[in-house]
Each structure stands twice: as C-alpha cells, then as structure tokens.
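S.K.: Need a 3D model of the sequence below.
(chains A and B)
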Amino acid sequence: MVGWAPRARPRLAGMTAYLDHAATTPMLPEALAAMTEELARAGNASSLHTSGRRARRVVEESREQLAAAVGAGPSEVVFTAGGTEGDNLAVKGLYWARHGADTRRRRVLVSAVEHHAILDPVEWLAKHEGAEVEWLPVDGVGRVDREATRAAIERDPRSVALVTVMWANNEVGTVQPVEDIAEIAHRYGVPVHSDAVQALGQLPLDLAATTVDCLTLSAHKVGGPIGTGALVARRGLDLVPVLHGGGQERGVRSGTLDTPAVRAFAVAADLAADRQPQIAARLAALRDELVVAVLAAVPDAVLRGDPDRDGRLPGNAHFTFPGCEGDSLLYLLDARGVECSTGSACQAGVPQPSHVLLAMGVDPDAARGALRFSLGWPSTEADVAAVAEAIGPAVERARRAGLASGTTVPAVVATP
Amino acid sequence: MKVLAAMSGGVDSAVAAARAVDAGHEVVGVHLALARDPATLRSGARGCCSVEDARDARRAADVLGIPFYVWDLAERFERDVVADFVTEYAAGRTPNPCVRCNERIKFSALLDKAMALGFDAVCTGHYARIAVDPGGARSLHRAVDAGKDQSYVLAVLTPQRLRHAIFPLGDTVKVDVRREAAARGLRVAAKPDSHDICFVPNGDTKSWLGQRLGRRPGPVLDADGQVVGEHDGAFAYTVGQRHGLRLGRPAADGRPRYVLEVRPATDTVVVGPRGALEADLLEARGVTWCGPAADRGDPVGVQVRAHGEEFAGVVETLRSPDAGSAGPARPGGGLLRVRLDRPVRAAAPGQTLALYAGTRVLGSGTLTAARASAGTGR
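M.R.: Below you'll find the model as predicted:
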C-alpha cells in the first residue's frame, strides 16, 4: 500500500470565528506590507557600508516610531525576540544588576497572577541565584493588593531587588494598579517592571506619564510579527544582559537586529497606539455584548475578572462554566468554528487549573471549566453571534461529558 | 461515524487512526495525558504519556489532517490504575495495569466522555479483531499477529463497550503496520515499541513500589516455615520470581528456589522448588463476558498473562456475575473455576485470567487462587 498523501480535511463549519486574539492577532496589512518590503532588501544594521547604513536607518526610525507610540525616548527601546525574552531580560537583568550592586537586595516581589514568562524566570532566580520570591496576593477579581505590596516593600525596603507586576492580566483581563505600586516602590528607590504585552493597543500606554521603570512589549499582540518585541527601559536603569555577543542594543541585548520585523513592529505599534481609543471602545462594546449573550445562554456561567468594564482589558471576556471541563468546551466550540482558549496551557497541551484563577480564590474544580474569549482589531458582530449560538449547546454537552467521565466530580484519590 | 482515535504517540495508534480516516469516518485524534507532570514519566523511548509522545501524536494527526486534542485524565488514571496497582501489590497480588487502564480509562472514562460529546466510537491501535455476525452481534478475537496479540488486555470489555470500539490493526502484522506508517509519511514509523509499565519510569517496578510503600522488612521462609532469608518489602516479590531473593542458605536439594507465595499481612515471602509453582485448578472472581457467558463443562482456552501461553481446560464452576457489570468497579460476583489439562506455572493472584474459544475471547476475571489438584498443592 503506497501513495498516501497528507489529507487536509476541509472545515465543515465554513467560517471560523477567531476569539483568541490574546494568544496572537493577525498582522495589520500595513505592517505586513512594511515587513515584506523590508524582507526583499539586504543589510545588517551593524555593518558600516551603504547597505548596513540603510538597514540601520530603518531600525533607528522604527525605534523612534515605537518609542513615540509608548511615550518613551528612542534610547529607551531595547529590541528583543518577543515578550518572553523581554520578561527574562527585565527580571534577571534587574535582579543581577541590583543584587550585584548591593548583595542585601535578594527579594523579588512578584504578583501571583503573572504570565509564565515572569513566573519561571523568578523561580529560576530563586533556585539558582539565591533570590527570595514573595508573591503579592490578588483579590477576587485578580487585582494585586496595593496594601500588601506596600507592606512587603516597607517591611525591609533595602532588601528588595525589584517589583514586577503586569499591566493587565492575560487570562482574566484585570488591569493592575501598576502606577500606584511604582509610586510606592520609588519612595524606597526600588525599580518596577511591568509586563505590558496584553496592554499595548488595548489600553493607553505612556511611559513618560508613569513612574514605571521598564515595560515588556510584544509585536504579535498588536498586529506585528511573532518573534519580535521590546523592553522599554528607562534611561539610567541598570540591566545586566542575558544574551552576550556583538554588543547590539547598547550591549544589553546582543544579536543582529531583525530589520524587517522591527520595522513591522513599529508600524503596527504606531497604528495600534494611534487607534487605541477607537479600538478599545469598539472592542469593549463587542465584549459587553458577548458577556450578555453568554450569560443569557448559560445563566450559571461566572464572569471572572473585574466586572467593571474599565477595570479589564476591553477585548477580554473570561468565564468559568460549572460542571464543564475546558478541554471539552474547546473541542465542542472548535467543531462549531469558534476558536478560543482555556487561558492557560502546558507544553503537552493539557489545560491545568489556572494559577491565576487559583490565586483569585477560585476552587480547582470550577477553574477546570475556564474559557477565555479575546477580541482583537478584526473582530466583528459576527464573531460574537457565533459564540452566542454555539455556547449553550456546547456547555450542555460538556456537562454531560464531565458527568460521564467522572472527571468533574471531586475525586477521592487513594494515596497509599 | 464520528470516531475518537486515542493516539498515544506510537506507530500503532497512528496507523489505526489513519485507517479510520480511510474508512470514511469523521476522526478526531485525542492524546490522553495520564500524568500531572508528563516530564517525570520520560525514560528513553518507553512510556506512553510524555511530552514527546504528545508531540508525536500531534504530528501524526497533522499528517492525517485531523483535529487533535490532549485530554487530561490524570486524576482518573492515578485513582483507577496507579493507586489500584499499588494497592494490589501491597496486598500481595500481581495486577496488570494495562487491563485496568482499558477497563477503567480507555473504554470507560474516555469512551463515556467521547459518547457524551457526540462520538460514536473509540478507535485504538490495539492488536485485536472484532467480528460482526450476520445478526449484528460482535465478538472479540485474537489478532492475526500472534506475537503482538493484545486481546488478553481487552478481555475485560463487555458487549456494550465492544459495540463502540474499533481496532483497525487486528488483521495486520506489525511489520506491515510499520511499513504502512512509513508509506503514509508518519514520522513514528520506526519508533520503538513501548514495553514497560508507562508510569514506572525506568521499568524498575520494585524500587518504584518501594518509594510508594516504604521499607517493610520481613522474613523469607521455605515451605516448612524455616527462615532462609530476609527482604525489604514483600510487595516487591511476585509469585514465580527466582532472581533477587538474596537467600543465605542453599536449598537442601541444591536446586533454585522460587517465590511461591506473598503474605503481606505478615510481611512474609514463601519460597520453594519449581514444582510447587504448578497449578491446574484456577479460580477467578469479578468475571465479565465479552459476549454470551460460557457454561459449566465448556472446553476453554486459558491465558493468565499478557503474551502468555494458552492452556486448554474446562469450566468447572460458574456463578454468574451481577447483571450489567459494565461499570468501572467490577462487581464481586462472577466466580469461575477452571481445570487445566496440564498445569500452568506461577499463576499469581491478581493476574487477569482470560478465557478463549478458538480465537474468540469469551471473557475474563481476576485470578484469586491457583493450586494443584493432586499432590502437595499450596
């Protein structure tokens, strides 16, 4: 038996409603055009000849454009290969610099609801570099407790290496009081980092107007390419590099700059910042419709995160569905052409109960039934309508499956 | 039909899924995550639920062009298979975790969930055949490839379960399955077979059990009750075991000694000569049938271990199991006694006893006693 070719099964559902923009969002046409144009040219921005100078000019213009989009100065932009790298550079770079300057500074204050790109570097520092991690608690909507943060800093300010709190949570969308926290930390000379990957394009970001010391950005969440990002770090902030090499990016981040990606990122960020008020208003209105539709179809669904629309990302709607498992819902919705996410995934693709929900005090059984719908610039009424139509039957079916397989019933595990 | 293909990441389940697609079914691939932390289960090319295996399964699904998901059944697996395995060993029995997994996970938790989600059947890469008679009744049979036949570990399936099972590989020998996988462009075509218990990382069941049950030293006795050695935990011994006994004194006859019995209540291991391991009267409980039940006096084939030899025998005693024994907890009823034409060696309590009529699987039970009808017995 020979001659098989890979079979592509055409999707039966026709149109796909994509509601996973927090995972990644399609490139903006302008960014795509800029990137493809640049990909057709050659030139290493570090080279001194004409081609190199041309590439360098593109990079520097992009740097200026991106800086302007987030209220920073061009020299404050360090290009990276994405949000994870930016988070690693911020957390490790700050820790090493601060601990190196004063070995008493070993404490890392970190919110309990950070992305793994923060959690894992922090835990790595604790395991390998002697850092002491202190988790900043969150309330029931997932917002970091200001007073607990203040108390943690004031207990012994001299021993704090850094504070890191995300701008807005990637799962439940809760906007964090980053500026308040920075204000407290700065009274004691403690630097504050914020992972703003989800915020760019959805919320106003203006580094000049805040006291936050550095921000992580990612290109592909705002219509730029995957694999590019930036750490926007305030002038004078000391960072020890994670990547060593040719000394690009002021020696903080070595590696040949990806000129086409950098240009596309700047174009996308510029447009996103420019359109942010309109996009946010449009997405928030769609999101509110989606929440109403889901709660109408499934009355016992629980909206997680801040119920106040101003307290959450405009494109985010996050629910838990009692008696359901997220993976059943994902399958059932996917089969109906609705693409969304449980909000968290491990490498094998298993939806584990989310650390964000657990930190918010959601019980593990309820956390298993989590689903995140996230809207982005291409989202329309049709996407919301698709969810409204599919969610009721999907939840009903997922409940039966949960009962049938016994996986949503609290299990008594015999421990020998 | 809407078919859920259970995909372990190995070559067999990948080809089985491919054949289900070819048969015109609407197929969705699912990899079962059976451990909370998949990385801990990784060991060489063995095991069946590591991150690499999930990736291999996903790649096979990509090649077949079918949707693919990972389903988390770790909690059920821990409770129904792993904890059961430990409990059984702690009680001095020798369980077969693959049988338990088929009975309680693949064709129970997974099948039930699949049905509730709207699937009609579950397809696996097991080597076994399902025959359908003109009246529509289904029966389970040994695979064509005798060396790979897995009907033994499926002998727990009831008619209700069989109705929703698809085993596309039963009529094919393994080398052809590998050849077909290569022809289909499946990268797992040459992936080594898994052999060991998937949740025991390096195949070292003894130390794995030791970690879970702790050190429980006790005496090793001979058949006369004389202490001939010591052990660190009776649970680590299996009836018929010869190696690793650490006996101080040689036997009077100078012949090797074997584990005859494990008595967990007193942390005692009993050893004796090879002949004492032979048994022709086997008793099983929790008997279920894949189709019509056997009758007293029926000649049957008896198999007591995976890939073990089949022994001819006859059904002596039979008490029917409780009605509707499809649930995960095998009811206590369903007693069976068979007499073999010639004795089997080292049949240990806890093992699955599968009954055959020709190639057809009649049913199975859990072995509770094995003894010789004449002579010393044990």
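S.K.: switch to C-alpha atoms for all contacts and neighbour counts from now on
M.R.: Fine.
S.K.: dump the residue contacts of A:Glu134.
M.R.: Counting by C-alpha atoms under 8 Å, 6 or more residues apart in numbering or on different chains, A:Glu134 touches A:107-110.
S.K.: nope, B:Glu310 is what I was after
M.R.: Neighbouring residues of B:Glu310 by C-alpha under 8 Å, 6+ apart: B:301-304.
S.K.: cool, B:Ala146 as well?
M.R.: By C-alpha under 8 Å, 6+ apart, B:Ala146 has no neighbours at all.
S.K.: now do B:Asp62
M.R.: Applying C-alpha under 8 Å, 6+ apart, the residues near B:Asp62 are B:Phe68.
S.K.: Would you agree it falls within a strand?
M.R.: No - counting by DSSP: H, G, I helix; E, B strand; the rest coil, B:Asp62 is not found in a strand; it is helix.
S.K.: Which two of the contacts of B:Glu310 have the greatest separation?
M.R.: Across those, no pair lies farther apart than B:Gly301 and B:Val304, at 10.2 Å, counting by C-alpha to C-alpha.
S.K.: Please identify which of those two sits among more neighbours.
M.R.: B:Val304 (27 against 23; other C-alpha atoms under 10 Å in any protein chain shown).
S.K.: was I right about the more buried one contacting B:Pro349?
M.R.: No - B:Val304 lies out of contact with B:Pro349 (C-alpha atoms under 8 Å); the separation is 10.0 Å.
S.K.: give me the number of residues near the nearest residue to B:His25 once chain neighbours are set aside?
M.R.: Spatial nearest neighbour of B:His25, excluding adjacent residues (C-alpha to C-alpha, 6 or more residues apart in numbering or on different chains): B:Met1 at 5.1 Å. Counted with other C-alpha under 10 Å, the neighbours of B:Met1 add up to 12.
S.K.: What separation do you get for B:Met1 and A:Ala370?
M.R.: Separation of B:Met1 from A:Ala370 (C-alpha to C-alpha, to the nearest Å) stands at 30 Å.
S.K.: A:Ala398 too?
M.R.: In this view, A:Ala398 and A:Ala370 are 12 Å apart by C-alpha to C-alpha.
S.K.: From B:Arg246, how far off is the residue of chain B positioned farthest from its centre?
M.R.: The centre of chain B is farthest from one residue, B:Ala252, which by C-alpha atoms, centre = their mean lies 37.5 Å away. According to C-alpha to C-alpha, B:Ala252 stands 16 Å off from B:Arg246.
S.K.: Could you identify the helix or strand that succeeds the helix or strand harbouring A:Asp87?
M.R.: In this structure, A:Asp87 sits in helix A:83-101 according to DSSP states H and E. Next in sequence after helix A:83-101, counting helices and strands by DSSP H and E, comes strand A:107-111.
S.K.: List the pairing partners of that following strand within its sheet, with orientation.
M.R.: Here strand A:107-111 is paired, per DSSP bridges, with strand A:132-136 (parallel), strand A:160-164 (parallel).
S.K.: deepest of those, which one?
M.R.: Of all the strands paired with strand A:107-111, strand A:160-164 has the most neighbours on average by mean count of other C-alpha atoms under 10 Å in any protein chain shown, namely a mean of 27.
S.K.: Show the subsequent helix or strand relative to it.
M.R.: helix A:178-187.
S.K.: that older thread, could the strands paired with strand A:107-111 go into CSV alongside mean pLDDT?
M.R.: CSV is the format used below for these (pLDDT from 0 to 100):
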stretch, mean pLDDT
strand A:132-136, 98
strand A:160-164, 98
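S.K.: Can you report how many residues neighbour residue 21?
M.R.: You didn't pick a chain, so chain A it is. By other C-alpha under 10 Å, neighbour count at A:His21 equals 25.
S.K.: Oops, wrong one, chain B.
M.R.: By other C-alpha under 10 Å, the burial measure for B:Val21, its neighbour count, is 20.
S.K.: In the stretch 151-300 of chain B, where is pLDDT below threshold?
M.R.: The stretch 151-300 of chain B contains residues with pLDDT under 70 at B:248-250.
S.K.: And the strands in it?
M.R.: For the stretch 151-300 of chain B, the strands defined by DSSP state E, counting those that start in this stretch cover B:165-166, B:218-222, B:227-231, B:258-263, B:268-272, B:278-289, B:299-303.
S.K.: looking at those strands, which is closest to A:Glu129?
M.R.: strand B:227-231 (43.5 Å).
S.K.: Need the residues that contact the closest one.
M.R.: Outside strand B:227-231, the residues that reach it (C-alpha under 8 Å, 6+ apart) are B:217-222, B:245-249.
S.K.: what about that strand, distance to the chain center?
M.R.: With C-alpha atoms, centre = their mean, to the nearest Å as the basis, strand B:227-231 stands 31 Å off its chain's centre.
S.K.: Can I get that strand in CSV, CA atoms only?
M.R.: Provided in CSV are the C-alpha atoms of strand B:227-231 (Å, rounded to 0.1, in the frame of the first residue of the first chain):
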residue,chain,number,x,y,z
VAL,B,227,13.6,-18.7,57.8
VAL,B,228,16.0,-18.7,54.8
GLY,B,229,16.5,-15.0,54.2
GLU,B,230,15.2,-11.5,54.6
HIS,B,231,13.5,-8.9,52.4
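S.K.: Can you get me the start-to-end distance on stretch B:228-247?
M.R.: With C-alpha to C-alpha as the measure, stretch B:228-247 spans 6 Å from end to end.
S.K.: And it, what's buried?
M.R.: Under the neighbour-count criterion of 16 or more other C-alpha atoms under 10 Å in any protein chain shown, stretch B:228-247 has B:228-231, B:233-240, B:242, B:245, B:247 buried.
S.K.: For the stretch 201-350 of chain B, which residues are neighbours of chain A?
M.R.: Applying C-alpha under 8 Å from any C-alpha of the partner chain, we find that the stretch 201-350 of chain B lies next to chain A at B:212-213.
S.K.: start to end distance for stretch B:139-148?
M.R.: Using C-alpha to C-alpha, one end of stretch B:139-148 lies 19 Å from the other.
S.K.: now that stretch, how far from the chain's geometric center?
M.R.: Taking mean C-alpha positions (C-alpha atoms, centre = their mean), stretch B:139-148 and its chain are 15 Å apart.
S.K.: which helix is the longest one in chain A?
M.R.: Secondary structure of chain A per DSSP state H: the longest helix is helix A:259-297.
S.K.: B:Ala284 and chain A, how far apart?
M.R.: 25 Å (C-alpha to the nearest C-alpha, to the nearest Å).
S.K.: Please name the bridge partners of that residue.
M.R.: With DSSP bridges as the rule, B:Ala284 is bridged to B:Leu336, B:Leu367.
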